[in-house]
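Peer 1: Sequence and predicted structure below; questions after.
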Amino acid sequence: MTPLELLTELEPVAESNLNRHLSLAKDWHPHDYVPWDEGRNFAAMGGTDWSPAESGLSEVARAAMITNLLTEDNLPSYHRLISESFSRTGAWRSWVDRWTAEENRHGIALRDYLVVTRGVDPVALEQARMICVSQGVDDPTGTGDHRVLHGVAYVTFQELATRVAHRNTGKVCDDPVADRLLARVATDENLHMVFYRNICAAALDLVPDATLDAIAMVIRNFRMPGAGMPNFRRNGVLMAKHGIYDPRQHLEEVVLPVLRKWNIFERTDFTAEGERTREELAAFLDQAAKDVIRFEEQRDRALAREAARRER
């Protein structure tokens with residue numbers, strides 16, 4: 001089945017899931033989630049510029065908030081890639097445009113919160129945004145394939161991963177305003193994930209082997225869409241070290257629940273080729289579980305050393 005034929009077959013599913021999304025999504029407004037009375041002018045308007053002492057966020061919370069926001073900022077690239085994978089007509093276009101508008105709202109709200117509360121350096125944040133958006137994103141799937149199957153498999157896992165990261169970021173901010181805002185964003189991300197997960201489920205019914213191959217490739221090569229942003233590795237390590245998004249969460253809260261929802265290891269409609277792919281995926285997941293334990297042992301030792309240094 002060609003990509004165009006697949007999109008045509010899946011369009012009724014896209015339309016029904018778009019209607020489902022619109023019936024469940026709640027309108028909300030970024031200005032209702034920002035403590036405007038904490039705001040004041042910066043130097044260019046007669047006030048004072050940002051200093052680190054003004055931030056009420058911990059180093060970990062700042063790293064997570066910046067990473068989350070810069071991820072949302074790269075929306076132009078995501079819109080382009082999804083539009084190229086899908087279609088600019090019918091339900092596909094309606095979904096992509098609606099999704100883009102909702103994701104843009106996340107960036108607006110997060111930036112307003114951080115600037116008003118002086119949670120991060122706004123100059124450094126803008127410089128990072130310019131770098132991040134200027135370089136864009138070409139292949140977030142890590143597979144080298146932008147077609148619909150790899151695309152919907154990737155965004156299913158990515159939207160769920162983003163939901164987990166946003167929700168956990170809210171918890172470490174130690175600010176009920178930030179927690180409320182990020183919980184609202186996480187709710188949107190979950191609805192987005194369900195749309196893509198349902199599309200991928202329908203694709204599994206239509207072309208099981210090809211869809212499983214795309215899913216397995218995405219899982220093996222998965223990386224978050226912000227991988228090219230400034231300080232991504234440093235911030236990612238901080239987030240993993242402090243339980244905002246770590247390998248166990250990726251495996252147990254993102255990958256495995258989605259695979260169970262798709263009944264990947266119970267299905268009986270794969271050919272011999274699909275069975276080989278499933279066996280390879282199972283072996284990869286077994287190794288990933290071992291890697292989780294190894295990471296946690298290393299993390300615990302590193303945290304213990306840091307605690308000992310602080311005591312001295």
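Peer 2: Received it, and whenever you're ready, just let me know what you need.
Peer 1: mind showing which ranges of the stretch 51-200 of the chain have poor pLDDT?
Peer 2: For the stretch 51-200 of the chain, residues meeting the criterion pLDDT under 70 lie at 140-146.
Peer 1: Just the helices from it, written as ranges.
Peer 2: 59-73, 75-85, 90-116, 122-135, 148-172, 176-206 (DSSP state H, counting those that start in this stretch).
Peer 1: Output the first one as CSV - backbone C-alpha positions only.
Peer 2: Extracted C-alpha coordinates of helix 59-73, given in CSV (Å, rounded to 0.1, in the frame of the first residue of the first chain):
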residue,chain,number,x,y,z
GLU,A,59,18.4,24.6,39.0
VAL,A,60,16.6,21.4,38.1
ALA,A,61,13.3,23.2,37.6
ARG,A,62,14.9,25.9,35.5
ALA,A,63,16.5,23.3,33.3
ALA,A,64,13.3,21.4,32.9
MET,A,65,11.2,24.5,32.2
ILE,A,66,13.6,25.8,29.6
THR,A,67,13.8,22.4,27.9
ASN,A,68,10.0,22.1,27.8
LEU,A,69,9.5,25.6,26.4
LEU,A,70,12.2,25.4,23.8
THR,A,71,10.7,22.1,22.7
GLU,A,72,7.3,23.8,22.2
ASP,A,73,9.1,26.7,20.4
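Peer 1: Could you dump the helices of the stretch 51-200 of the chain into a markdown table and include distance to residue 265 and mean neighbour count?
Peer 2: (Each C-beta comes from the backbone N, C-alpha and C, glycine too.) Output for the helices of the stretch 51-200 of the chain, formatted as a markdown table (distance: least, Cβ to Cβ, whole Å; neighbours: other Cβ atoms under 10 Å):
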| stretch | distance to residue 265 | mean neighbour count |
| --- | --- | --- |
| helix 59-73 | 31 | 23 |
| helix 75-85 | 27 | 17 |
| helix 90-116 | 29 | 19 |
| helix 122-135 | 37 | 15 |
| helix 148-172 | 16 | 24 |
| helix 176-206 | 13 | 20 |
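Peer 1: What count of nearby residues applies to residue 309?
Peer 2: Per other Cβ atoms under 10 Å, the neighbour tally for residue 309 reads 8.
Peer 1: Now the host helix or strand of it: average pLDDT?
Peer 2: Following DSSP states H and E, the helix or strand that holds residue 309 is helix 272-311. For helix 272-311, the mean pLDDT works out to 93.
Peer 1: so what secondary structure elements neighbour that helix?
Peer 2: helix 208-221, helix 232-241, helix 247-249 (3 or more Cβ pairs under 8 Å, 6 or more residues apart in numbering; DSSP states H and E).
Peer 1: Go through the ones you listed and name the closest to residue 112.
Peer 2: Proximity to residue 112 (Cβ to Cβ) singles out helix 232-241 among the helices and strands packed on helix 272-311, at 20.8 Å.
Peer 1: buried residues in the closest one?
Peer 2: 232, 235, 236, 238, 239, 240, 241 (16 or more other Cβ atoms under 10 Å).
Peer 1: re earlier: I'd like the helices and strands packed on helix 272-311 as TSV, with distance to residue 299 appended.
Peer 2: As requested, these are exported to TSV (distance: least, Cβ to Cβ, whole Å):
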stretch	distance to residue 299
helix 208-221	22
helix 232-241	6
helix 247-249	9
